[in-house]
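Trainee: Predicted coordinates and the sequence they were generated for:
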Amino acid sequence: MRHLLNTLFVLTEDSYLTLEGENVVVLCESEVRARFPLHTLQAILYFGYKGASPALMGACASRGVTLSFLTSFGKFLAQACGKMQGNVLLRKQQYRLSDSEHDSCQIARHFIIGKVYNCRWILERATRDHAMRVDVARLKKNSLQMAEILSQLAPCSDLDTLRGLEGKAANFYFDVFDELILQNKEHFYFQNRSRRPPRDNVNALLSFAYTLLANDCAAALESVGLDSYVGFLHRDRPGRASLTLDLMEEFRGVYADRFVISLINNREILPKQFEQKENGAVWLNDEGRKAVLSAWQARKKATITHPFLNEKLPWGLVPYVQALLLSRYLRGDLDAYPPFFWK
Amino acid sequence: MGYSEDEFLLLSGLQHFAFCKRQWALIHIEQQWTENLHTVEGNFMHERAHDSSLTEFRDGILICRGIQVFSRELGITGACDVVEFHPSPDGVPIVGREGLWRPVPIEYKKGRPKEHDADALQLCAQAMCLEKMLVCTIPGGYLFYGETKRRQPVEFTPELRHTVTDMLNEMHMLYHRGYTPKVKPSKSCNACSLIETCLPKLCKNLSAVQYVNKHLKEEDL
Ligand code: SF4
C-alpha cells in the first residue's frame, strides 16, 4: 500500500512559504524558521495570511503534495492545484453517472449506508465500553431506530428519499451525542449542531475536525483523478466540493466525531484552549489548534485492517483507499462502491 | 489505409502490454502513473541514451540517438535509443550522406535480460517503424543490458513481427473502447509499479454488493 507521508502544518500566521531546491522553507520576517524536504510530505496545511510563492505552489502541484490555505481559525480558503491529473475518461464517467439520478443514487446510497452503520456503532460501542456511565436504554433505543433506517436505505432508489432517511438517522444520532462526552461536562456539552459559526466548544472542535477531514478527502479524490466538485449525493452547486462532501459522509462519525470525543474524554483538549468572540462564535486558540493537529497526525498513523480489502493500512490512508475504490467502481472493476464499515 | 496520427499509441507501451495488459491500460488509457525505483532508474538510463549529441561517427559507423519513429500501418510512435547505420552495399541511401547504409536499432535496458520477450517486441516494433520510414528491411538489432553490459542480438523473425502486430491490434481495440481489462493477479504484481493503483485484488471478483449485504444483514440480528 502507498506510504503515509507527513503533513506539514504551518500555524505561524505571518510566516511565508518558499521553495528552495527540493525543500519547502518557512520564513518569518525573512528569517528561515524551518526547512522540510518536499518528498517527505503528502500535504501542507497553511493557517495564515501571507501565503506561499508561486514556485512552491508549482512544485507541490507537480509532486502531488496538496498545499491548502486556511484562515488562522481553520476555515478552508483555497488549494493550489496544478495541471489536472490525467484520466479524462474517469472524469467523464463520473459526470455521466452524476447526471443520472438513478446511477447517482446507487453510489450515494452506499455513502449513507456507510455513514449510518458507522454512527450506529459509535452508539453501540458506548453502551459496551461505558455501560455504567451512559444511558444505555436511550442509546439502544436510538441505535435500534438507526438499524431500522438502514434496512430502509438498502432498497432506496431515489435521492430525495435517501436524504430524508439520512436526516432522520442524523437526528437519532445527534440526539444522544451528548451522552458520549464523559469528561469536563461543564465545558463540553452538545445541544445541537451549530456550524456558522460554532457556538460552543464541542461544535468548534467538530467544525475543525471536519475541515481537516474535508481536506484529506479532497486530496484523496484529486490524487486518484476524480473531480472533487462533482458529487452524487450532493448535487452540483458552484463552488461546492460536492464529491468531497459525499466521501466525507461515511467518515464523519467514525473518523471525526470519534476523534473529537476521545480528545475530550482523554483530556487532550482543555477548556482554556478555546476562545469566544463577541458574536458568540467559539474557536480553538493557538494552543488548542496545536493540540488538535498533533493528535490528528498521531491518529492517522494508527494501523487498521481495511474491512473490504482485508489489508492492513494506516488510518490516514483510508480516505485515499476509498477514493481509489470509488474510481475503480466508476471504471467497471467493481459491482458497487464498497463503503468503509467500521465498528 | 492505416491509423491517423491522433490514434497513434506510444511504442513504449508494448513492453507494458507484454508485462500485463492491465498495467498498460492503467498507464496509457487511464494515465495513472506511480513513480517508483524501477521507473526512475529507467528514465535515468534513457536520459543518457538520448543524449543531446545526436549523431556521431565512430569507426565508420554512424550512430544516431533518440530518433523519433512512427508507423501509420501499426499506429504507433516512439523513439529509438540508438540506431547505428553501417556502411553496406545492400543498404539504403540517407539524406546528406554518401553511400548506402544498413540501419541496426539498439535498445538500452537497465537490469538484465528477462524471461518475457517484452524488450525484443519493443525493439522489433521500432525496426518495423524504421523499415517503413526508410523503405528497407531490417533483419535484426540488439538489446543492451545495463547490468550485464552485454549486447544481445535479436532477430526480427516473422513470428516476432506477428506478435507485435497482434498485440498492437488488441491495444488499439482496447484504447478505442477506453477499456481497462481485468487480469488474473499473478506474481508479476509484486514487481509492478502500479500495484497500489491497480489493486489486483479487485480482479479476483470481489463483490462489493455482497460485502454491503453482509454488513446490512448483521444489523438484523
Ligand atoms: S498489479 Fe498486477 S494486475 Fe495490476 S497492473 Fe500490475 S501486474 Fe497487472
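Mentor: Structure received. Note that the structure is a prediction, hence the values are computed from the model and not measured.
Trainee: what about the stretch 201-343 of chain A, any weak spots by pLDDT?
Mentor: Applying pLDDT under 70 to the stretch 201-343 of chain A flags the ranges A:236-239.
Trainee: same check, this time on chain B
Mentor: Where chain B drops to pLDDT under 70, the residues are B:1, B:33-54, B:115-116, B:219-221.
Trainee: and it, which residues reach the ligand?
Mentor: Residues of chain B lying near the ligand by CB under 6 Å from any ligand atom: B:20, B:22-23, B:26, B:183, B:185, B:188-189, B:192, B:194-195, B:198, B:200. Using the backbone N, CA and C atoms, a C-beta is placed for each residue, glycine as well.
Trainee: show me where chain A has strands.
Mentor: With DSSP state E, the ranges of strands along chain A come out as A:6-10, A:16-20, A:23-28, A:31-37, A:41-47, A:66-70, A:76-80, A:274-276, A:282-284, A:303-305, A:312-314.
Trainee: Give me the contact list for the last one.
Mentor: Applying CB atoms under 8 Å, 6 or more residues apart in numbering or on different chains, the contact partners of strand A:312-314 are A:1, A:4, A:300-306, A:321.
Trainee: out of those, who's nearest the ligand?
Mentor: residue A:1 (12.5 Å; CB to the nearest ligand atom).
Trainee: Now flag whichever of the contacts of strand A:312-314 is closest to residue A:94.
Mentor: The shortest gap between residue A:94 and any of the contacts of strand A:312-314 belongs to residue A:321, at 17.8 Å (CB to CB).
Trainee: Tell me the strands beside the longest strand along chain B, with direction?
Mentor: Secondary structure of chain B read by DSSP E shows that its longest strand is strand B:76-93. Strand B:76-93 sits in its sheet next to strand B:9-10 (parallel), strand B:61-71 (antiparallel), strand B:100-109 (antiparallel), going by DSSP bridges.
Trainee: ok, and the closest non-adjacent residue to the residue nearest in space to the middle of chain A?
Mentor: Nearest to the geometric centre of chain A sits residue A:213, at 1.9 Å (CA atoms, centre = their mean). Residue nearest to residue A:213 in three dimensions, not counting chain neighbours: residue A:256, with 4.9 Å by CB to CB, 6 or more residues apart in numbering or on different chains.
Trainee: Pretty sure that neighbour sits against residue A:214.
Mentor: No: Residue A:256 lies out of contact with residue A:214 (CB atoms under 8 Å); the separation is 9.4 Å.
Trainee: Share the number of residues neighbouring residue 178, please.
Mentor: Just going to use chain A. For residue A:178, the neighbour count with other CB atoms under 10 Å in any protein chain shown is 14.
Trainee: that's the wrong chain, I meant chain B
Mentor: Number of residues near residue B:178 (other CB under 10 Å) recorded here: 15.
Trainee: What of residue B:190?
Mentor: 9.
Trainee: So it, which state does it fall into?
Mentor: At residue B:190, secondary structure determined by DSSP: H, G, I helix; E, B strand; the rest coil is helix.
Trainee: do the same with residue B:96
Mentor: Assigned with three-state DSSP, residue B:96 falls in the coil class.
Trainee: Distance of the closest residue to residue A:96 other than its chain neighbours relative to residue A:109?
Mentor: Leaving aside its chain neighbours, residue A:96 sits nearest to residue A:103 (7.7 Å; criterion: CB to CB, 6+ apart). The gap separating residue A:103 from residue A:109 is 11 Å, by CB to CB, to the nearest Å.
Trainee: Repeat that for residue B:55.
Mentor: From residue B:55 to residue A:109 the distance is 63 Å (CB to CB).
Trainee: Name the residue in the two with the higher neighbour count.
Mentor: Applying other CB under 10 Å to residue B:55 and residue A:109 shows that residue A:109 carries more neighbours, namely 27 against 12.
Trainee: which ones are touching that one?
Mentor: Applying CB under 8 Å, 6+ apart, the residues near residue A:109 are A:153-154, A:156-157, A:162.
Trainee: Mind giving me the ChimeraX command for buried ones among the residues you listed?
Mentor: Buried subset of the contacts of residue A:109, written as a ChimeraX selection, criterion 16 or more other CB atoms under 10 Å in any protein chain shown:
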select /A:153,156,162
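Trainee: Could you point out which of the contacts of residue A:109 is nearest to residue A:72?
Mentor: Closest to residue A:72, out of all of the contacts of residue A:109 and judged by CB to CB, is residue A:162, at 37.0 Å.
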